[in-house]
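S.K.: quick one, what's the 3D model for this:
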Amino acid sequence: MSYGGQYGAQYGAPPGGAPGYGGAPAYGARPGGPGGFAPPSHQGPPAGADPQLWSWFAAVDTDRSGHISAPELQKALINGDWTPFDLDTVKLLMNIFDTDRSGTIGFNEFAGLWKYIKDWQGVFRHFDRDNSGSIDGRELQDALRQFGYNLSPQLLSLVERKYDVKGTAPAPGSYGGPPPGITFDRFVRACVVVKQITESFSQLDNDRDGWVQINYDTFMQTVLTLP
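M.R.: Numbering: from 1, shown residues only. I've put the predicted structure just below:
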């Protein structure tokens, strides 16, 4: 049984992307666009560091410790509607790029995070067909299918309800409330979670028939290791 094709092969946004960086992300995110890093401050880079990338790292490292914590990262990341990144998404990003498990990310780890978010910006723009700045149910379905995950209507509805910002947004008409739909940060987390759950199931489904029989201990270990 096939659980999913090559994840994001066409759009270059696999979770846990390789370290590196491209051009500057679209900071000062425009309404209707994906999120990214808030505008950087300008500081001189150390010897050998890319000046532009270092300026972003220095802007995020507000306590000048040489490492970025989850609270610092959350303050630096914004969605296209200028709302801050969801803390659970920030923790997920930290978990992916904190390769030495120090609880923070250094400059080299930050380079991988930079590239990862830029890749996801491209994916988000591609599937945000109506340029609303959020992903609706149909766009989410298109994205997951393109990645190779053909969820049932019931599962798709569950994912949409779990990650749609309406679930925690102010009542309709409230001033300053976020737009309906799945914002950039929650879209990234939804796709990564679906991928990781699918991979965990696949490891247990030895005969690839779409069914597994596991005991309670194995089930709990599987669930507790997921994001």
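S.K.: please tell me how far the most centrally placed residue in the chain sits from G80.
M.R.: In the chain, the residue lying closest to the centroid (CA atoms, centre = their mean) is V188, at 3.0 Å. Counting by CB to CB, to the nearest Å, the separation of V188 from G80 is 13 Å. No exception for glycine: its C-beta is placed from N, CA and C like everyone else's.
S.K.: what is in contact with these two at once?
M.R.: Shared contacts of V188 and G80, defined by CB atoms under 8 Å, 6 or more residues apart in numbering, are absent.
S.K.: phi and psi next, for T62.
M.R.: phi -70, psi -30 (degrees, to the nearest 10).
S.K.: what's the neighbour count on the spatially closest residue to it that is not a sequence neighbour?
M.R.: Leaving out its chain neighbours, the residue that sits closest to T62 by CB to CB, 6 or more residues apart in numbering is E72, at 5.5 Å. Other residues within reach of E72, judged by other CB atoms under 10 Å, total 19.
S.K.: before we move on, what about Q213?
M.R.: Q213, neighbours per other CB under 10 Å, totals 7.
S.K.: quick one: it is in a strand?
M.R.: No - assigned with DSSP: H, G, I helix; E, B strand; the rest coil, Q213 falls outside any strand and is coil.
S.K.: and it, what's its pLDDT?
M.R.: pLDDT for Q213: 91.
S.K.: what helices or strands is the helix or strand containing T89 leaning on?
M.R.: Using DSSP states H and E, T89 sits in helix 87-97. Judged by 3 or more CB pairs under 8 Å, 6 or more residues apart in numbering; DSSP states H and E, helix 87-97 is in contact with helix 70-76, helix 107-127, helix 184-204.
S.K.: distance to D100 and mean pLDDT added to those helices, as CSV?
M.R.: Formatted as CSV, the helices and strands packed on helix 87-97 follow (distance: least, CB to CB, whole Å; pLDDT from 0 to 100):
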stretch, distance to D100, mean pLDDT
helix 70-76, 15, 91
helix 107-127, 8, 92
helix 184-204, 21, 93
